[in-house]
Each structure stands twice: as C-alpha cells, then as structure tokens.
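Structure here, sequence nowhere to be found:
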C-alpha cells in the first residue's frame with residue numbers, strides 16, 4: 001500500500017475520484033443507511049504513514065578486489081503515523097479529519 005497523500009483530495013470529490021487518487025482504503029465504516037439499507041454516508045480510513053512500505057536496497061562487497069558481493073532487498077513497514085478519515089455523504093467527500 002502506498003503512502004496516502006490526502007492533500008490531493010478535495011471536498012466534493014466522488015468515491016471514484018478518491019479511489020483513483022489514493023487507492024483502496026484500509027477500512028470502510030458505514031455511518032448511515034436509509035430504511036431500505038442503502039448506504040447514505042461512509043467513512044474511508046487511510047493511513048498516511050503506518051502502512052507506507054519502504055523499499056530498502058543494499059549492496060555489500062567483502063573486498064574491493066573480490067568479485068563476490070551480497071545484495072539485499074527488503075520491504076519494511078513504518079509503524080505509527082497519521083490516520084485520515086474521509087467522510088462521504090451521497091458519494092461525495094464532505095469532510096476530511098486527521099487523527
């Protein structure tokens with residue numbers, strides 16, 4: 001999952017706009033439904049840094065004259081960070097809250 005750049009999101013953006021800009025949310029919370037069960041309001045939760053994968057590349061050579069080297073590639077996750085709650089009403093962004 002990429003780091004969410006919530007600065008790209010504007011009030012009035014649709015769910016499709018936000019999904020295109022930020023990808024899939026970590027969590028979707030239903031806030032309100034009508035009598036038929038149709039969703040009227042939802043909150044999408046994005047982690048700004050907590051789930052941002054960082055790719056670390058490294059290369060070590062034992063001796064400058066030696067042709068042998070060791071390379072490593074590692075995926076890490078940064079723990080902690082800001083969470084953004086994007087509140088949608090009727091399919092459009094109505095509020096963005098940093099937590």
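Received, thanks. Everything numeric here is computed off the predicted structure, so don't read it as measured data. Numbering: from 1, shown residues only.

ranges for the strands of the protein?
27-33, 39-47, 53-61, 69-77, 83-89, 92-98 (DSSP state E).

May I see the buried residues of the last one?
Under the neighbour-count criterion of 16 or more other Cβ atoms under 10 Å, strand 92-98 has 93, 96 buried. Where C-beta positions appear, they are placed from N, C-alpha and C, glycine not excepted.

likewise the second one?
Of the residues in strand 39-47, those buried under the neighbour-count criterion (16+ other Cβ under 10 Å) are 42, 43, 44, 46, 47.

now these in JSON lines, with distance to residue 90?
Formatted as JSON lines, the buried residues of strand 39-47 follow (distance: Cβ to Cβ, whole Å):
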{"residue": "42", "distance to residue 90": "10"}
{"residue": "43", "distance to residue 90": "14"}
{"residue": "44", "distance to residue 90": "14"}
{"residue": "46", "distance to residue 90": "20"}
{"residue": "47", "distance to residue 90": "26"}
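
hang on, isn't residue 30 packed against residue 37?
No. With contact defined as Cβ atoms under 8 Å, residue 30 does not reach residue 37; the gap is 9.9 Å.

wait, residue 87 sits on residue 32?
No. Applying Cβ under 8 Å, one finds residue 87 not in contact with residue 32, separated by 10.5 Å.

Between the two, point out the one with more neighbours.
residue 87 (16 against 10; other Cβ atoms under 10 Å).

Bridged to residue 32, which residues?
Beta-bridge partners for residue 32, by DSSP bridges, are residue 41.

ok now do the residue nearest to residue 85 when sequence neighbours are not counted, which residues does it touch?
With sequence-adjacent residues excluded and distances taken as Cβ to Cβ, 6 or more residues apart in numbering, residue 85 is closest to residue 97, at 4.6 Å. Going by Cβ atoms under 8 Å, 6 or more residues apart in numbering, residue 97 touches 84, 85, 87.

Thanks a lot, catch you later.
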